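Asks: Just to be clear, the model below is a prediction. Sequence and coordinates:
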Amino acid sequence: MPERKKFAPPAIQEFAPKLAEVTDTVLFGDIWERPGLSPRDRSLVTVTALASLYRADQLGFHLGKALENGVTKDELIEVITHLAFYAGWPNAMTAMTQLKEIVEKAEQPG
């Protein structure tokens, strides 16, 4: 059987292997694979929740995942701008700063 992709950070895999296991098998192996929402829609929901709750540690990963799942840079900018009025200005500014860094890094040659 092929090995599943690991989503939990290596440091967590070593320090808390059970948390890493359920992250990889339950969260990403089951919840993210359910047919009720597309990966793109799940990314929009996840980015919105993480930005709203000021969960900056996980937000960067999920902004990148959203781009991989077909959410455009402009859509993410619009989502974060919209959130500023519901989730707070500091949350939106933090999310926008992270998105800008991710987009700029992706656009660098090499």
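Replies: Yep, it's here.
Asks: ok, which stretches of this structure are strands?
Replies: Remark: strands of the chain are absent; assignment by DSSP state E.
Asks: lowest average confidence, helix or strand, in it?
Replies: Evaluated with mean pLDDT, DSSP states H and E, the helix-and-strand set of the chain has its lowest mean pLDDT in helix 10-15, which scores a mean of 93.
Asks: Grab the most central residue of this protein for me.
Replies: With distances taken as C-alpha atoms, centre = their mean, the residue of the chain nearest its centroid is His62 (1.0 Å).
Asks: Would you agree it is in contact with Ala49?
Replies: No: in this structure His62 lies outside contact range of Ala49 using C-beta atoms under 8 Å: 9.0 Å. No exception for glycine: its C-beta is placed from N, CA and C like everyone else's.
Asks: Give me the distance from stretch 47-63 to the chain's centre.
Replies: How far stretch 47-63 lies from its chain's middle: 6 Å, per C-alpha atoms, centre = their mean, to the nearest Å.
Asks: Give me the pLDDT for the residue nearest to Phe7 when sequence neighbours are not counted.
Replies: In space, not counting the residues next to it along the chain, Phe7 is nearest to Phe28; the distance is 4.7 Å by C-beta to C-beta, 6 or more residues apart in numbering. The pLDDT attached to Phe28 in the predicted structure is 95.
Asks: Phe28: neighbouring residues, count only.
Replies: Look at Phe28: counted by other C-beta atoms under 10 Å, it has 17 neighbours.
Asks: hang on, isn't it packed against Lys6?
Replies: No: contact between Phe28 and Lys6 fails when scored by C-beta under 8 Å: they sit 9.0 Å apart.
Asks: How many neighbouring residues does Glu75 have?
Replies: Residues contacting Glu75 under the criterion other C-beta under 10 Å number 15.
Asks: sorry, back to before: from Ala8, how far out is the residue nearest to Phe7?
Replies: Distance, Phe28 to Ala8, using C-beta to C-beta, to the nearest Å: 9 Å.
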